[in-house]
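Visitor: Sequence plus predicted model, see below.
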Amino acid sequence: MTPSPHRAPFTRQTRVADALAARPELRELLPAFHPAFARLNHPVLGKVLPKLVNLEQAAAVAGVDPDALVEVCNLPGAPAHRPPPSAADAPRRMDPPPPWPADCPVVEVDARPLLEAGQEPFAAIMAALRTAPPQAVVRILAPFEPAPLVDLVGKRGWVPHVTWQGDCCVASFWRPPGAGQAAPQGEEEPELAGLRAARLQGEVLDVRGLEPPLPLQLVLATVEQVLPLTVLHEREPALLWPRLAERGLAWTVTHEGEVVRIHIIRAATT
């Protein structure tokens, strides 16, 4: 069908967040196309996932054909009466046998109970990746293919492997020798140093639009050198509060439209 003339047509590479900004009604229309897109209206996932994935990745998460999803997003009307394509229309990813040794230690994170409880499993997954022993395999169990996670972790030196066991997607990541090592003590990671240089203006740090866990890492690295510090965020970062308290810091939060402004200072001593 011909896309709406008032905007450029969406493509596989269009970010979900951009599609929603151009057509807010997609939050209601896409769940009618496929139930998996009800996550767009989840109080946590609905704010985080659209910024991390494009339409092609979202199709992989939902198990639908990416071209069908793009076509539906470009429809001038509601897709409510169109039956969604089955999983058979978009074959599940089944990678060949993984390249790592069979005796590698395995750390497993089952994201299914967290998702069923309405929680975001990203923090638990990143914690497992961060604390896994050298040459370990971190195995993620999920009800869908975590396409954005596979892309993100793969860019950080881990070797990904995706397959399915029944209705469970098994996404595994192997840390080969020399990959994923932390910077030497007292030396900041180059990625964070570069981000701070680009994102810090005086005492104001803007972490909006960054992929987790970069906002958390960047704030914690910056407060070691800049106080007081004002952080511009897209939401209240609950994982940040205990980290600040551990460092003897205090904070206030104000909401200014879609911007969350966090002011961090040294806690008063009695």
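Guide: In hand now; what should we look at? Numbering: from 1, shown residues only.
Visitor: Just the mean pLDDT for stretch 108-128, thanks.
Guide: Across stretch 108-128, pLDDT averages out at 81.
Visitor: Could you pull up the contacting residues of residue 56?
Guide: Contacts for residue 56 (CB atoms under 8 Å, 6 or more residues apart in numbering) come out as 12, 13, 66, 147. Heads up, the C-betas are built off the backbone N, CA and C, glycines and all.
Visitor: Reformat these as JSON lines; add pLDDT.
Guide: Shown next, in JSON lines, are these (pLDDT from 0 to 100):
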{"residue": "12", "pLDDT": "88"}
{"residue": "13", "pLDDT": "88"}
{"residue": "66", "pLDDT": "84"}
{"residue": "147", "pLDDT": "76"}
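Visitor: Got a quick PyMOL command for the buried subset of those?
Guide: Those of those that count as buried under 16 or more other CB atoms under 10 Å are selected in PyMOL with:
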select buried, resi 66+147
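Visitor: Quick one: mark the members of the contacts of residue 56 that sit in helices.
Guide: Cross-referencing the contacts of residue 56 against helices under DSSP state H gives 66, 147.
Visitor: quick one: terminal-to-terminal distance for stretch 234-243?
Guide: Stretch 234-243 has an end-to-end distance of 18 Å (CA to CA, to the nearest Å).
Visitor: Contacts for stretch 232-249 next, please.
Guide: The contact list for stretch 232-249 (CB under 8 Å, 6+ apart) reads 47, 51, 123, 204-209, 215-216, 219-220, 223, 227, 250-251, 253, 258-262, 264-267.
Visitor: my bad, should have said stretch 213-220
Guide: Residues contacting stretch 213-220 (CB under 8 Å, 6+ apart): 122-123, 126, 191-192, 195-196, 199, 205, 207, 210, 229, 231, 233, 237, 239-240, 243, 247, 264.
Visitor: Just the buried ones from these?
Guide: So, by 16+ other CB under 10 Å, the buried ones in those are 122, 126, 192, 195-196, 199, 205, 207, 210, 229, 231, 233, 237, 240, 264.
Visitor: Check pLDDT for those and point me to the minimum.
Guide: On pLDDT alone, residue 192 ranks lowest of the buried ones among the contacts of stretch 213-220, at 68.
Visitor: hmm, back to that, filter the contacts of stretch 232-249 down to just the ones in helices.
Guide: Those of the contacts of stretch 232-249 lying in helices (DSSP H): 47, 51, 123, 215, 216, 219, 220, 223.
Visitor: Most neighbours out of these, which is it?
Guide: Most neighbours among these, by other CB atoms under 10 Å: residue 215, with 24 neighbours.
Visitor: And that one, how close does it get to residue 206?
Guide: According to CB to CB, to the nearest Å, residue 215 stands 10 Å off from residue 206.
Visitor: shaky segments in the protein?
Guide: The model of the chain has pLDDT under 70 over residues 1-7, 42-49, 52, 77-91, 118-120, 178-192, 269-270.
Visitor: returning to what we had before: how about the contacts of residue 56 in a markdown table, adding distance to residue 32?
Guide: Shown next, in a markdown table, are the contacts of residue 56 (distance: CB to CB, whole Å):
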| residue | distance to residue 32 |
| --- | --- |
| 12 | 21 |
| 13 | 24 |
| 66 | 18 |
| 147 | 22 |
